[in-house]
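Asker: Sharing a sequence plus its predicted fold:
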Amino acid sequence: MIIRGLVKIVIGIALVGFAVIELGSPLWTKAQLDGTAHNAASDAAYALGRSNNRDQAYAAALDDTNGDGAKLDEFFVDDAGVVHVTVSKQAKSYLLHNFEKTRGWYEVRLRATAEPASP
């Protein structure tokens, strides 16, 4: 009787833990990616302000995203000199990414902007 109760408790805890990890993964990835996106935009804006070279700004943004396992999907500098970046990362999933309705939860994309500092 006691063993059966303990087994039920252990299984219940395992199921709750699995659900927390599975459903929390996109939120955790989004929180990490937010920092990555803002760092990439800021570093690119800094590089652009120092060198006025868009290639160096792009390289700075790319360096930030690659270091965090993210992907730099979009990079551009608008006419006002504002750097825009879009980064993405696949959130870890063991089960729900296999279903069409929940697959999008695990494809996390964020945008960030930054302006070069005035000299």
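Answerer: Thanks, I have it. For clarity, every value in this text was computed on a predicted model and none was experimentally measured.
Asker: So what's the residue count around the residue nearest to Ser51 when sequence neighbours are not counted?
Answerer: Nearest residue to Ser51 in three dimensions, chain neighbours excluded: Ala57, at 7.7 Å (Cβ to Cβ, 6 or more residues apart in numbering). (C-beta placed from N, C-alpha, C; glycine too.) The tally of other residues near Ala57 (other Cβ atoms under 10 Å) stands at 27.
Asker: For the helix or strand containing Ala57, name the packing helices and strands.
Answerer: When elements are assigned from DSSP states H and E, Ala57 belongs to helix 54-67. Where contact means 3 or more Cβ pairs under 8 Å, 6 or more residues apart in numbering; DSSP states H and E, helix 54-67 is packed against helix 2-51, strand 71-77, strand 83-90.
Asker: repeat that for 6 Å
Answerer: Under the contact criterion of 3 or more Cβ pairs under 6 Å, 6 or more residues apart in numbering; DSSP states H and E, helix 54-67 touches helix 2-51, strand 71-77.
Asker: need those in TSV with mean pLDDT and mean neighbour count, can you?
Answerer: Output for the helices and strands packed on helix 54-67, formatted as TSV (pLDDT from 0 to 100; neighbours: other Cβ atoms under 10 Å):
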stretch	mean pLDDT	mean neighbour count
helix 2-51	91	15
strand 71-77	94	15
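Asker: Can you say which of the ones you listed is nearest to Thr102?
Answerer: Closest approach to Thr102 among the helices and strands packed on helix 54-67 is made by helix 2-51 (9.5 Å; Cβ to Cβ).
Asker: Pull the distance from that closest one to the chain's centre.
Answerer: 9 Å (Cα atoms, centre = their mean, to the nearest Å).
Asker: again, but for stretch 1-16
Answerer: Its chain's average C-alpha position is 35 Å from that of stretch 1-16, according to Cα atoms, centre = their mean.
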